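**Q** Need coordinates for the following:
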Amino acid sequence: MKKNLSVLLLIFLLIIPPLAYSAASSEMLKEYMNKVLEVLRNPDLKGEPGRKVKREKIRSISEEVFDFTELSKRSLGQNWNKLNPDQQQEFIKLFKSLLETVYADKITSCTDERIIFKEEITLSEKTVEVPTVIVAKTSEIPINYRLLQEKGRWRIYDVVIEGVSLVNNYRTQFREILANKTPEALLDILRKKVGDARAN
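**A** Residues are numbered from 1 along each chain as shown. This is a model prediction of the structure:
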């Protein structure tokens, strides 16, 4: 009996960590979503001035929850090591600016959508995927968030929209560019894209 009890306690202790991690990751994501929705639904932020304020607030929130360094490394994959340290840092900065601008622009018009959270999927000891569904008036969009735990904190390193991974999508584009061009040429392309995105 004592032996069985010890085995049960051991199993219980082994089960607790992933359950605790899952709860923490989902709660972090829900908190992030609520902050974004609060900005989007703010009645004082109207017209173009309000839209610009929304953009900046959403960018600020995204910096708290997205791991842009990890996202950058995974998006370049094996090509990451083709960039020298200075180029790597500039790539992270440019890629972050591009993603924040595009992401903020796409969601500033959203106000009435609902978010449904589904059961998490454990990918590894330190990574999970949180499936969500954005419910709009005329459609439902599945968006899965992949999170990595570092130093006791969960942060997003990839977003899968309708089955398409953000990381994989950009990795394909960057691989094609670096197959024929230098890392500096890739940075030039990103500089132009960031400049164009900010100008619009």
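
**Q** Okay, Phe174 and Phe95: tell me how far apart.
**A** 9 Å (Cβ to Cβ, to the nearest Å). Placement of C-beta: from N, CA and C, glycine included.

**Q** Need the overlap of contacts for those two.
**A** Ser75 (Cβ atoms under 8 Å, 6 or more residues apart in numbering).

**Q** Just give me the residue closest to the centre of this structure.
**A** Note on the chain: the residue nearest the mean C-alpha position is Ile156, at 4.0 Å, using Cα atoms, centre = their mean.

**Q** which element follows the helix or strand where Met28 lies toward the C-terminus?
**A** Met28 is part of helix 2-40 when elements are defined by DSSP states H and E. Using DSSP H and E, the helix or strand that follows helix 2-40 in sequence is helix 47-65.

**Q** Just give me how far the longest strand along the chain sits from the chain centre.
**A** Looking across the chain with DSSP state E, the single longest strand is strand 140-150. Chain-centre distance of strand 140-150: 7 Å, with Cα atoms, centre = their mean, to the nearest Å.

**Q** Going by neighbour count, list what's buried in it.
**A** In terms of neighbour count (16 or more other Cβ atoms under 10 Å), strand 140-150 has its buried residues at 144-149.

**Q** Reformat those residues as JSON lines; add distance to Asp196 and pLDDT.
**A** Shown next, in JSON lines, are the buried residues of strand 140-150 (distance: Cβ to Cβ, whole Å; pLDDT from 0 to 100):
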{"residue": "Asn144", "distance to Asp196": "29", "pLDDT": "91"}
{"residue": "Tyr145", "distance to Asp196": "27", "pLDDT": "92"}
{"residue": "Arg146", "distance to Asp196": "28", "pLDDT": "95"}
{"residue": "Leu147", "distance to Asp196": "30", "pLDDT": "94"}
{"residue": "Leu148", "distance to Asp196": "30", "pLDDT": "94"}
{"residue": "Gln149", "distance to Asp196": "35", "pLDDT": "91"}
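
**Q** Quickly name whichever of those residues is closest to Ala24.
**A** Gln149 (8.2 Å; Cβ to Cβ).

**Q** quick one: contacts for Thr132?
**A** Residues in contact with Thr132, defined by Cβ under 8 Å, 6+ apart, are 29, 33, 115-118, 142-145.

**Q** so how far is Asn34 from it?
**A** Taking Cβ to Cβ as the measure, Thr132 and Asn34 are separated by 13 Å.

**Q** tell me which helix or strand of this protein sits lowest on mean pLDDT?
**A** Least confident helix or strand of the chain, by mean pLDDT, DSSP states H and E, is helix 2-40 with a mean of 60.

**Q** May I have stretch 148-168 exported as PDB, CA atoms only?
**A** What follows is stretch 148-168, C-alpha atoms only, in PDB (Å, rounded to 0.1, in the frame of the first residue of the first chain):
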ATOM      1  CA  LEU A 148       8.200  29.500 -25.300                       C
ATOM      2  CA  GLN A 149       9.100  29.500 -21.700                       C
ATOM      3  CA  GLU A 150      12.300  31.300 -20.700                       C
ATOM      4  CA  LYS A 151      13.300  32.200 -17.200                       C
ATOM      5  CA  GLY A 152       9.800  31.400 -15.900                       C
ATOM      6  CA  ARG A 153       8.100  33.600 -18.500                       C
ATOM      7  CA  TRP A 154       5.900  32.700 -21.500                       C
ATOM      8  CA  ARG A 155       6.400  34.600 -24.700                       C
ATOM      9  CA  ILE A 156       5.000  34.100 -28.200                       C
ATOM     10  CA  TYR A 157       7.500  32.900 -30.800                       C
ATOM     11  CA  ASP A 158       5.200  32.000 -33.700                       C
ATOM     12  CA  VAL A 159       1.600  32.600 -34.800                       C
ATOM     13  CA  VAL A 160      -0.300  30.100 -37.100                       C
ATOM     14  CA  ILE A 161      -3.100  31.800 -38.900                       C
ATOM     15  CA  GLU A 162      -5.500  29.400 -40.700                       C
ATOM     16  CA  GLY A 163      -2.900  26.700 -40.800                       C
ATOM     17  CA  VAL A 164      -0.100  29.000 -42.000                       C
ATOM     18  CA  SER A 165       2.900  29.500 -39.700                       C
ATOM     19  CA  LEU A 166       4.300  33.100 -39.600                       C
ATOM     20  CA  VAL A 167       7.800  31.700 -39.000                       C
ATOM     21  CA  ASN A 168       7.600  29.100 -41.800                       C
END
